[in-house]
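K.L.:
Give the three-dimensional model of this entry:
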Amino acid sequence: MRNYHVLKFKFLAPTDTRGSRIKITSERFESSVTLALKYNDVEPFDQVIEYLTDREFDIIGKAESKDGMYIITNTFKKL
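P.N.:
Residues are numbered from 1 along each chain as shown. So this is what the prediction gives:
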């Protein structure tokens, strides 16, 4: 059975001092990064994929749960 690296991402609503954001969390390395949401034609999911592929993550799938969405990769490194 293959082993994969799971990255959770979720939308963070705007606050009084910050705009909308996207938080990506590595379930394996317990590290995270928060990105400002781009307000153009890019969907949040596409923004996450762009961020990860720019950092040479090999994306192989996605999954959803009641707590958020997940990106599945076979790249094992910190965000």
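K.L.:
Beta-bridge partners for the nearest residue to K62 once chain neighbours are set aside, please?
P.N.:
Nearest residue to K62, sequence neighbours excluded (CB to CB, 6 or more residues apart in numbering): I71, at 5.7 Å. The way it works is simple: take the backbone N, C-alpha and C, and place the C-beta from them, glycine included. Here I71 sits in beta bridges with L7, K62, going by DSSP bridges.
K.L.:
Which pLDDT does the model give I71?
P.N.:
Listed pLDDT for I71 reads 95.
K.L.:
quick one: F9 from M69, how far?
P.N.:
6 Å (CB to CB, to the nearest Å).
K.L.:
check contacts around the residue nearest to A13 when sequence neighbours are not counted.
P.N.:
Leaving aside its chain neighbours, A13 sits nearest to S20 (6.4 Å; criterion: CB to CB, 6+ apart). By CB atoms under 8 Å, 6 or more residues apart in numbering, the contact set of S20 is 11-14, 36-37.
K.L.:
S20 and M1, how far apart?
P.N.:
38 Å.
K.L.:
where in the chain is pLDDT low?
P.N.:
41 (pLDDT under 70).
K.L.:
can we see that at 90?
P.N.:
11, 18-20, 27-28, 30, 37-46, 65-68 (pLDDT under 90).
K.L.:
all strands of this protein, in order?
P.N.:
5-12, 21-26, 31-36, 59-65, 68-73 (DSSP state E).
K.L.:
and of those strands, who's closest to Y51?
P.N.:
Go through these one by one with CB to CB and the one that ends up closest to Y51 is strand 31-36, at 6.3 Å.
K.L.:
Contact partners for the residue lying closest to P44 once chain neighbours are set aside?
P.N.:
Using CB to CB, 6+ apart and skipping the chain neighbours, the partner closest in space to P44 is I22 (5.3 Å). Neighbour list for I22: 9-12, 34-35, 37, 44, 47-48 [criterion: CB under 8 Å, 6+ apart].
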